[in-house]
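[1] Need coordinates for the following:
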Amino acid sequence: MPVTDRPALRAALDAAVARLVARAAAERWPIRADHCFLRIAYDNAVGAKWDTVHARPGHASLPLDRLAAAGEVLARIEGGSRVALDPLNAASLAFRRAAR
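    From the prediction side, this is the model:
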């Protein structure tokens with residue numbers, strides 16, 4: 001997908017999040033809410049608590065390359081299951097503690 005197509009990037013993010021929410025519920029992951037998966041993706045894509053660097057909503061304000069990076073984070077979670085989710089969530093929470 002071209003990194004210049006914001007609507008396509010957003011649609012891909014929404015689809016990945018929907019798949020992850022369904023999988024997380026079925027496999028009883030500790031994180032199951034759509035906004036939590038987006039938090040993890042955006043924070044890891046930005047390398048900080050994303051909304052301290054960019055305005056809300058993220059899908060509208062993150063640079064296109066960071067939206068694409070967020071999609072890559074979600075793909076890593078999809079491909080690696082909890083093995084990928086846990087360290088990415090830990091990194092997101094660390095970014096948030098550092099932003100306080």
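[2] Quick check: R10 touching P57?
    No - with contact taken as C-beta atoms under 8 Å, R10 and P57 are classed as non-touching, separated by 9.8 Å. From N, CA and C alone the C-beta is placed, and that goes for glycine too.
[3] Between those two, which is the more surrounded one?
    A direct count of neighbours by other C-beta atoms under 10 Å for R10 and P57 places R10 higher, at 16 against 11.
[4] nearest residue to the more buried one other than its sequence neighbours?
    Nearest residue to R10 in three dimensions, chain neighbours excluded: H59, at 4.7 Å (C-beta to C-beta, 6 or more residues apart in numbering).
[5] mind checking which helix or strand that neighbour is in?
    Counting by DSSP states H and E, the element that carries H59 is helix 58-61.
[6] quick one: buried residues of that helix?
    G58, H59 (16 or more other C-beta atoms under 10 Å).
[7] do the same with stretch 62-78
    L62, R66, L67, A68, A69, A70, G71, V73, L74, R76, I77.
[8] Surely the second one and A45 touch.
    This points to R66. Yes - with contacts counted by C-beta under 8 Å, R66 reaches A45, the gap being 4.8 Å.
[9] can you give me the end-to-end distance of stretch 27-37?
    From its first residue to its last, stretch 27-37 covers 15 Å (C-alpha to C-alpha, to the nearest Å).
[10] buried residues in that stretch?
    Neighbour-count burial for stretch 27-37, counted by 16+ other C-beta under 10 Å, picks out W29, I31, R32, C36, F37.
[11] so for the helix or strand harbouring the last one, what's the average pLDDT?
    Applying DSSP H and E as the criterion places F37 in helix 34-46. pLDDT averaged over helix 34-46 equals 98, rounded to a whole number.
[12] repeat for stretch 90-100
    Stretch 90-100 comes out at a mean pLDDT of 97.
[13] tell me which residues of it are tucked away?
    Within stretch 90-100, the residues that count as buried by 16+ other C-beta under 10 Å are S92, F95, R96.
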